[in-house]
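Q: with the sequence up front, the predicted model follows.
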Amino acid sequence: MLDARGRRGLSSGPASGADAGEGRGGGRWRRRASGRCDSANSPSSARSASSPYPDRFARTHTLAEARALGERLGLEVGAAPRDDAPQLRLCGRLMALRDMGRLGFARLQDHSGALQLVFEVRALGQEAYRRAVRLLDVGDHLGAQGRLFYTRKGELSLLVEQWQLLSKALRPLPEKWHGLRDRELCWRQRYLDLLVNPETRERFRRRGELVRALRAMLEEHGFVEVETPVLTPQPSGALARPFVTHHHALDLDVYLRIAPETWLKRLIVGGYDRVYEFARCFRNEGMDPSHLQDFTMLEWYAAWWNYLDNMEFTEQLVRHAVERVVGGTAVEIRGRRVEFGGRWERRTLRELILQDSGIDIDAHADAASLRAAIAARGIDLEQSPEETARLGRGSLIDRLYKVVSRPRIDGPLFITAHPADLSPLARRSDEDPARADRFQLVVAGWEVVNAYSELIDPLDQRARLEQQAAARAAGDAEAMVVEEDYLLAMEHGMPPVSGFGLGIDRFAAPAERRREPARRGLLPPHAPCARGGGRAPRGHP
RNA sequence: GGUUCCUUAGCUCAAUUGGUAGAGCGGCUGGCUCUUAACCAGCGGGUUGCAGGUUCGAGUCCUGCAGGAACCA
């Protein structure tokens, strides 16, 4: 016997009532999940009807299809179902139930939509009617057979002639007025969020559509979808702290990938022209509205392209995806209107910082000089002076940009010419070796795309990874390590190539039209047991 | 990582200065043939996140822990 707490119908009524057996509720589904039921009312076989958890239901229409059919039939409002109207078999979850004594209304919901069911004594008979409204609860899955009609109030409904319980819910759905508001429960019990909050369903539907739109266009352009390792012997491809785990068979610590980059570039060495991967990546860093520990990154690599070719393609592809998902090019993101149509603006990092702070980074060849210029203008880098003192010139520029420029950008804006030492895998600019041939796409204050002409010179690559490894040894947990296996691949010859990375969860923000959508995935990670101690989290057994 | 705030019934929330833990919804019982958050009458429902402390007395004050939120990094 289950714990009575939280289980409907198990509340300890008067002792005499509980003892009254069949007459007062014993042996019913409502009281006992495994209760029996006769099949007189069931449109299905006696075998499956005898269980509150049957194995299937043969439906004739989804609820959206039933609604469309009903609208085509030209039924008269308030009239009883016509004898020649088709018998429909519908199923879904019961989301509302209103018993009027001899007439009852229920709302059935499925993936496609919702439809009202009407239970009526005239159609079912007194006994069957009573059984239906007594046995059924909001939250139950139900199959129903009957004909469509319009109620006197004008709502398209199915007049139920036969019905079958398809799955008994032992726990009630969230409160019907306010729904499920507790953010934690929305994440821990996402199924409830999806069930009662249509905007949550819409949000993840759009995300799926975005992925499909991107994939379709990449395939059209000759990109090949591949999968690369998630468990890797070394973290690589980004500046981030990894998750560590242990490989028992090899007795080796392995890392969950922080980016698929070097693996995809190995495939370019292997002769693929264009590859892409929707790569689940993991970064062991703090969670905030724009960072998830577990997120999906789309990366692609195109041989023979440089970053400028890539920028052209990115503009086309992102515009196309936005049009597909939101049906237009203007999108409101985090309270800002962003126009994806037309030609996107392109600015160098230097221009941007000069405009927003008056500082020309090119006039400051080292960190000390730049630091002095920042201090002279009284710019608050929003971090401790010790932290500021530790930053090299590249990191200082990055920090300055993040404070003075990035929050003000509506975008879509391409930013180019980043310091090379912030991009250890990017090609140096021919005009200025201190800069990388790189671009970022900023939308509503967030970087959503990072791309560059890839560094294909194995000697330069080795030097720059060694520089990173030194920073790592000096205590920078996000710095890269020397990835010999990748250098080995590169030493065999990598063609000119440009790569692209897009955080899907972040980019889905516009598609989802929400203010803080990047925060959580469909089934987000969370601590195993909330509200510590001996008690289970709310809503958990 | 830092600061502030939050955690009370299945859900959404109350509870005066530290003095008997409540309401609505959901559940249960009864009534009702056009409801849409149905309505009417009645009844159950609690280890106040966890562990300590102060006090005659703690949902309330203090300490620690866990989880969550906002802002900052």
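A: Done, it's in.

Q: rest of the way, CA atoms for contacts and neighbours
A: Noted.

Q: now the helices: where do they sit in the stretch 1-150 of chain A?
A: Secondary structure of the stretch 1-150 of chain A (DSSP state H, counting those that start in this stretch): helices at A:15-19, A:46-49, A:63-72, A:121-124, A:126-135.

Q: count the neighbours of A:Leu502 for me.
A: By other C-alpha atoms under 10 Å, 20 other residues sit near A:Leu502.

Q: how about it, secondary structure?
A: strand (DSSP: H, G, I helix; E, B strand; the rest coil).

Q: CA atoms of the host helix or strand of A:Asp485 as PDB?
A: Element membership of A:Asp485 [criterion: DSSP states H and E] is helix A:484-491. Extracted C-alpha coordinates of helix A:484-491, given in PDB (Å, rounded to 0.1, in the frame of the first residue of the first chain):
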ATOM      1  CA  GLU A 484      49.600  16.300 -28.600                       C
ATOM      2  CA  ASP A 485      47.200  14.100 -30.500                       C
ATOM      3  CA  TYR A 486      45.600  17.200 -32.100                       C
ATOM      4  CA  LEU A 487      49.000  18.600 -33.000                       C
ATOM      5  CA  LEU A 488      49.900  15.200 -34.500                       C
ATOM      6  CA  ALA A 489      46.900  15.500 -36.800                       C
ATOM      7  CA  MET A 490      47.700  19.000 -37.700                       C
ATOM      8  CA  GLU A 491      51.300  18.100 -38.600                       C
END
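
Q: just to revisit the earlier point, which among the helices of the stretch 1-150 of chain A is found nearest to A:Ala489?
A: A:Ala489 lies closest to helix A:63-72 among the helices of the stretch 1-150 of chain A, at 54.1 Å (C-alpha to C-alpha).

Q: run through who's touching that closest one.
A: A:Leu88, A:Leu90, A:Cys91, A:Gln109, A:Asp110, A:Ser112, A:Gly113, A:Ala114, A:Leu115, A:Leu148, A:Phe149, A:Leu156 (C-alpha atoms under 8 Å, 6 or more residues apart in numbering).

Q: for burial, what's the neighbour tally of the residue lying closest to A:Ala330 once chain neighbours are set aside?
A: Once flanking residues are discounted, A:Ala330 sits nearest to A:Glu339: 4.4 Å by C-alpha to C-alpha, 6 or more residues apart in numbering. Look at A:Glu339: counted by other C-alpha under 10 Å, it has 18 neighbours.

Q: hang on, A:Glu339 packs against A:Ile333?
A: No: at 10.2 Å, A:Glu339 and A:Ile333 do not qualify as touching, with contact defined as C-alpha atoms under 8 Å.

Q: just to revisit the earlier point, can you tell me which of the contacts of helix A:63-72 is nearest RNA strand B?
A: If you rank these by distance to RNA strand B using C-alpha to the nearest atom of the strand, A:Leu156 comes first, at 7.8 Å.

Q: A:Lys402 looks like it's in a helix, true?
A: Yes: counting by three-state DSSP, A:Lys402 is found in a helix.

Q: can you tell me how far it is from A:Ser395?
A: A:Lys402 sits 10 Å away from A:Ser395, taking C-alpha to C-alpha, to the nearest Å as the criterion.

Q: if I look at the residue of the stretch 1-150 of chain A found nearest RNA strand B, how far off is A:Lys153?
A: Closest approach between the stretch 1-150 of chain A and RNA strand B, counting by C-alpha to the nearest atom of the strand: A:Gly101, at 3.2 Å. Per C-alpha to C-alpha, A:Gly101 is found 18 Å from A:Lys153.
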